[in-house]
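Participant: Take a look and give me a structure for this.
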Amino acid sequence: MAKKKTFEAALKELEEIVKEMESGDLCLEDAVKKYESGMKQSRYCLDLLDKTERKISLLTKDHEGNIKEEPFKDE
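Facilitator: Have a look, this model is predicted:
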């Protein structure tokens, strides 16, 4: 089974794509490919952040003020 890419790895890849595009050394075709790849990485990062935010929001306090964690149901 393939290992999922971490948020940090996807963000680093996105940063490298931005750096390449900002260099101005890419032809139009390569720039468009990099843009598409960058958008894919951006969506992946945003999705991971959204899932993490939902997990965090499930942390609640019980009636005694203790923090309890409820199971997260991924959609």
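
Participant: just the helices in the protein please.
Facilitator: In the chain, helices defined by DSSP state H lie at 7-23, 28-57, listed in chain order.

Participant: how about JSON lines for the ones you listed, with mean pLDDT, mean neighbour count and distance to residue 66 added?
Facilitator: Where you see a C-beta, it was placed from the backbone N, CA and C, and this is true even at glycine. Rendered in JSON lines, the data for those read as follows (pLDDT from 0 to 100; neighbours: other CB atoms under 10 Å; distance: least, CB to CB, whole Å):
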{"stretch": "helix 7-23", "mean pLDDT": "95", "mean neighbour count": "14", "distance to residue 66": "29"}
{"stretch": "helix 28-57", "mean pLDDT": "92", "mean neighbour count": "13", "distance to residue 66": "17"}
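
Participant: is it possible to export the ones you listed to CSV including distance to residue 67?
Facilitator: Below are the helices of the chain laid out as CSV (distance: least, CB to CB, whole Å):
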stretch, distance to residue 67
helix 7-23, 24
helix 28-57, 11
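
Participant: OK, contacts around the spatially most central residue of the chain?
Facilitator: Centrality entry for the chain: nearest residue to the mean C-alpha point is residue 45, 1.2 Å, by CA atoms, centre = their mean. With contacts taken as CB atoms under 8 Å, 6 or more residues apart in numbering, residue 45 has the following neighbours: 7, 10-11, 14.

Participant: Could you name the residue of this structure that is farthest from its center?
Facilitator: With distances taken as CA atoms, centre = their mean, the residue sitting farthest from the centre of the chain turns out to be residue 64, at 35.1 Å.

Participant: Roughly how far does it sit from residue 58?
Facilitator: Distance of residue 64 to residue 58, computed by CB to CB, to the nearest Å: 18 Å.
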